[in-house]
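Undergrad: coordinates only, no sequence provided:
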């Protein structure tokens with residue numbers, strides 16, 4: 001049978017996603033990924049460079065997957081949030097990957113972002129599992145590029161939430177466009193948090209609600225999150241005005 005490079009890449013990616021979701025970046029092992037993918041370690045280094053780059057590729061792909069699969073309709077925010085909630089329920093690995101990234105790259109502040117390249121460089125090869133040697137300058141450029149890509153994609157989703165043509169309709173239609181964009185960005189990120197927390201702490205979710213099973217707790221939370229999203233979308237313009245007044249001129 002002829003060697004199928006694309007199939008090998010897919011197997012490596014699937015195995016890596018499961019390994020990183022279970023063990024994080026530091027705990028993951030290229031040996032286990034290779035064994036689960038029925039591939040050799042050299043194929044992983046050839047296709048992805050090293051463990052850090054593989055983790056970054058998996059996380060970017062998972063974020064892109066939800067971005068492509070789900071879009072928030074400005075005229076049906078609550079219903080869209082229900083769809084996103086369902087997506088997370090069927091793809092729990094994304095929350096785990098995001099939590100591992102937060103744990104292993106610092107507090108997410110400016111210092112953590114500025115130092116991400118240095119941290120990645122220090123980790124590479126630290127446990128004999130990094131592979132590759134890539135330069136830190138190249139890593140920094142790629143990190144900056146990926147951050148810009150995410151920021152641009154999130155901004156575009158916020159514009160979509162504002163409504164067609166970035167004019168009337170959608171969220172906070174009575175505000176100037178720059179203020180509407182801020183409201184839409186804040187609303188979108190708030191909705192993400194409302195959804196994600198239910199999957200980040202499943203045990204707490206079940207216990208806090210006093211439900212016998214996590215499934216029952218999620219069903220209850222889904223209904224609550226949808227109604228909360230409906231209320232937030234309806235009041236976003238007023239909240240935006242209040243926030244602008246607090247910031248001052």
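TA: Cool, the structure landed. In this text the structure is predicted, and so the values were computed from the model without any measurement.

Undergrad: low-confidence stretches in the protein?
TA: Scanning the chain with the threshold set as pLDDT under 70 gives 1-3, 106-143, 164-169, 237-249.

Undergrad: point to the residue nearest the middle of it.
TA: Against the mean C-alpha coordinate of the chain, by CA atoms, centre = their mean, the closest residue is residue 63 at 4.8 Å.

Undergrad: that residue and residue 157, how far apart?
TA: For residue 63, the distance to residue 157 under the criterion CB to CB, to the nearest Å works out to 12 Å. Using the backbone N, CA and C atoms, a C-beta is placed for each residue, glycine as well.

Undergrad: ditto for residue 147
TA: Using CB to CB, we find residue 147 at a distance of 16 Å from residue 157.

Undergrad: and if you look at residue 38?
TA: Residue 38 sits at a distance of 37 Å from residue 157 (criterion: CB to CB).

Undergrad: who has more neighbours out of those two?
TA: residue 157 (17 against 11; other CB atoms under 10 Å).

Undergrad: just confirm the more buried one contacts residue 74, I think it does.
TA: No. Using CB atoms under 8 Å, residue 157 is not in contact with residue 74, being 10.5 Å away.

Undergrad: give me the common contacts of the two.
TA: Common neighbours of residue 157 and residue 74, using CB atoms under 8 Å, 6 or more residues apart in numbering, do not exist here.

Undergrad: for this protein, just list every one of the helices.
TA: Listed from the start of the chain, the chain has helices (DSSP state H) covering 5-27, 30-37, 41-48, 51-69, 77-90, 93-104, 110-114, 116-123, 136-162, 177-200, 202-209, 214-247.

Undergrad: out of those, which gets nearest to residue 170?
TA: Shortest separation from residue 170 across these is recorded for helix 136-162, at 4.4 Å, computed as CB to CB.

Undergrad: ok now the closest one, how far from the chain's centre?
TA: The chain centroid and the centroid of helix 136-162 are separated by 12 Å under CA atoms, centre = their mean, to the nearest Å.

Undergrad: which neighbouring elements make contact with it?
TA: Under the contact criterion of 3 or more CB pairs under 8 Å, 6 or more residues apart in numbering; DSSP states H and E, the helices and strands touching helix 136-162 comprise helix 51-69, helix 116-123, helix 177-200.

Undergrad: I'd like those helices laid out as CSV, including distance to residue 235.
TA: Formatted as CSV, the entries for the helices and strands packed on helix 136-162 read as follows, by distance: least, CB to CB, whole Å:
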stretch, distance to residue 235
helix 51-69, 26
helix 116-123, 36
helix 177-200, 10
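
Undergrad: can you check which of those helices gets nearest to residue 19?
TA: helix 51-69 (9.2 Å).

Undergrad: pull out the buried positions in that closest one.
TA: Taking 16 or more other CB atoms under 10 Å as the basis for neighbour counts, the residues of helix 51-69 that come out buried are 51-59, 62-63.

Undergrad: could you export those residues as TSV, including distance to residue 227?
TA: Shown next, in TSV, are the buried residues of helix 51-69 (distance: CB to CB, whole Å):
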residue	distance to residue 227
51	42
52	41
53	42
54	40
55	36
56	36
57	37
58	34
59	31
62	28
63	27
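
Undergrad: which one of the residues you listed is nearest residue 218?
TA: When the buried residues of helix 51-69 are compared for distance to residue 218 (CB to CB), residue 62 wins out at 20.1 Å.

Undergrad: how about the nearest residue to the closest one, chain neighbours excluded?
TA: Closest residue in space to residue 62, ignoring its immediate chain neighbours: residue 94 at 4.7 Å, by CB to CB, 6 or more residues apart in numbering.

Undergrad: hmm, residue 63 and that neighbour touching each other?
TA: Yes. Applying CB under 8 Å, one finds residue 94 in contact with residue 63, separated by 7.3 Å.
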